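Chemist: make a model of this:
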Amino acid sequence: MDHEVTRDELELAFAHYCDVREHAIATGDWRPWGALFTEDALYVEHAYGEFRGRKAIQEWIVGVMGPFPTMTFPNDWVVYDPAQKIVVFQCQNRLPHPTDPNGAPFQFPTWTKLDYAENGLWSGEEDVYNPKKAAEVIQAWIRAGGKLAARESVKMKHL
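Modeler: Residues are numbered from 1 along each chain as shown. This is a model prediction of the structure:
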């Protein structure tokens, strides 16, 4: 049964989303992050395609993050809309400098819209960013000495 969502509820759900994301970064296991989505969730990723359902989302995120275990996603800002049951935020897709611990990171911004399904789960996510810029940043990181931790098993469909 649908209930009215409060800002506090959205904030708590988003904080949990971020905590699980941070745990996935720390451990390299992205399956728990994928478990934050409903069984019928829709994930729209403009460069990689659309993924329907928790299992498809988990398979995609595990594959896409495999080569980039040091990538982090610090949030720049977040907006909560309880009436629409959505959270919109901007984060950086950030790779640390591969050879200089004090060097500037390699990063590009992403805007994300999360659709809240209640009970701490999300029924959808849509990521919006410039795929060409993302590819350029990753190539610059590689030229600077960055090395993929695994072979890319998921390729961008739209550049």
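Chemist: I'd like to know which elements the longest strand seen in the chain is packed against.
Modeler: For the chain, the strand with the greatest residue count under DSSP state E is strand 106-118. Secondary-structure packing of strand 106-118 (3 or more CB pairs under 8 Å, 6 or more residues apart in numbering; DSSP states H and E): helix 7-27, strand 86-95, strand 121-128, helix 131-143. All C-beta atoms are positioned from the backbone trio N, CA, C, and that covers glycine.
Chemist: any idea how far it is from the middle of the chain?
Modeler: Computed by CA atoms, centre = their mean, to the nearest Å, the chain-centroid distance of strand 106-118 equals 6 Å.
Chemist: could you give the angle of that strand to strand 121-128?
Modeler: 150 degrees (axes from the mean of the first three to the mean of the last three CA atoms, to 10 degrees).
Chemist: between strand 106-118 and helix 131-143, how many degrees?
Modeler: Going by the same axes, to 10 degrees, strand 106-118 makes 130 degrees with helix 131-143.
Chemist: buried stuff in strand 106-118?
Modeler: For strand 106-118, burial by neighbour count (16 or more other CB atoms under 10 Å) applies to 106-108, 110, 112-117.
Chemist: let me have the helices and strands packed on strand 106-118 in JSON lines, extended by distance to Gly66, mean pLDDT and mean neighbour count.
Modeler: Putting those into JSON lines (distance: least, CB to CB, whole Å; pLDDT from 0 to 100; neighbours: other CB atoms under 10 Å) gives the following:
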{"stretch": "helix 7-27", "distance to Gly66": "12", "mean pLDDT": "97", "mean neighbour count": "15"}
{"stretch": "strand 86-95", "distance to Gly66": "14", "mean pLDDT": "98", "mean neighbour count": "19"}
{"stretch": "strand 121-128", "distance to Gly66": "18", "mean pLDDT": "97", "mean neighbour count": "18"}
{"stretch": "helix 131-143", "distance to Gly66": "14", "mean pLDDT": "95", "mean neighbour count": "15"}
